[in-house]
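Asker: Provided below for reference: sequence and predicted model.
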Amino acid sequence: MPAPEESCDVNVVDNICRLSSDLLAEACQHILSYLQGQTSGVDSAEISDRFVRAGVRLGHDSLQDMVRFLLLTFRSAGKSNISADELVSKLEEGNPKWSKSSLQVLHKLWSEHGASVRAQQEARVMLSVGQLVDMQWKLGMAVSSDACRSLNSPYVTLLLKVAEPSGEIIQRSLELTIPQFQNLHKQFKEMAAVMETL
């Protein structure tokens, strides 16, 4: 796991250590809930309101930096498949200013939720959808095919290049009858019309 402090201002650690154990745990719970797929995002405004009610005043940028830091820390720990002890050790190596109570909170939360975060990240990778890079088509005449009832029927071959989430570009091909190709064309036009309204 890369040391998260390398990409984060030292002030973030100071701000985290200013929080009470309960307040830090509450903020981390928001982040861990997102990383476990229980929420659609991290609501920084809700975290900020909770801080204000507890008497902790942080500027908008400082709060955003803190949330990003904790998000990166937990996400990196999940990708690296490290234990709670290893997480705390990496954080201490990166910045000696960590308070013992803050590290205890992070250790406890990662012990409880780390496996779930890892599982969710693995599921996201498996469910990730690739991005269409290129599409080519050609018209042909069927000599034999499972989809065409009679020989000498026209068909369209589509060759799709897709960039997988891993970064690998793969090729997929499919044969469509003329009515299937016309239906696909119609669907693409409908998608384009919807996207223009966004």
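Answerer: All right, it came through fine.

Asker: output the below-cut-off pLDDT ranges for this protein.
Answerer: 1-9, 125-128, 142-151, 165-167, 198 (pLDDT under 70).

Asker: quick one, longest helix in it?
Answerer: helix 100-127 (DSSP state H).

Asker: tell me how this protein divides into domains.
Answerer: 4-126, 131-197 (automatic domain parsing).

Asker: strands of the chain, start to end?
Answerer: Along the chain, counting by DSSP state E, strands occupy 131-141, 154-163, 169-177.

Asker: N152 reaches M141, doesn't it?
Answerer: Yes. Using C-beta atoms under 8 Å, N152 makes contact with M141 at a distance of 5.9 Å. Bear in mind the C-beta positions are built from the backbone N, C-alpha and C, glycine included.

Asker: just checking, E92 touches L103?
Answerer: Yes. E92 is within contact range of L103, at 7.0 Å (criterion: C-beta under 8 Å).

Asker: neighbour-wise, which of those two wins?
Answerer: Using other C-beta atoms under 10 Å as the criterion, E92 and L103 rank with L103 on top: 18 against 13.

Asker: can you pull the contacts of the more buried one?
Answerer: L103 makes contacts with 88, 91-92, as judged by C-beta atoms under 8 Å, 6 or more residues apart in numbering.

Asker: now, which of the residues you listed sits nearest R118?
Answerer: Within the contacts of L103, the smallest distance to R118 is 17.0 Å, found for V88 (C-beta to C-beta).

Asker: distance of the closest one from S101?
Answerer: The gap separating V88 from S101 is 12 Å, by C-beta to C-beta, to the nearest Å.

Asker: for the two, indicate the residue with more neighbours.
Answerer: Ranked by neighbour count (other C-beta under 10 Å), V88 and S101 place V88 first, with 19 against 13.

Asker: need the winner for burial among the strands of the chain.
Answerer: Stretch with highest mean neighbour count among the strands of the chain: strand 154-163 (a mean of 15; mean count of other C-beta atoms under 10 Å).

Asker: and that strand, what does it pack onto?
Answerer: strand 131-141, strand 169-177, helix 178-197 (3 or more C-beta pairs under 8 Å, 6 or more residues apart in numbering; DSSP states H and E).

Asker: out of these, which gets nearest to S116?
Answerer: strand 131-141 (28.0 Å).

Asker: if I look at the closest residue in space to Q131 that isn't next to it in sequence, how far off is Q171?
Answerer: Spatial nearest neighbour of Q131, excluding adjacent residues (C-beta to C-beta, 6 or more residues apart in numbering): A163 at 4.7 Å. With distances taken as C-beta to C-beta, A163 is found 11 Å from Q171.
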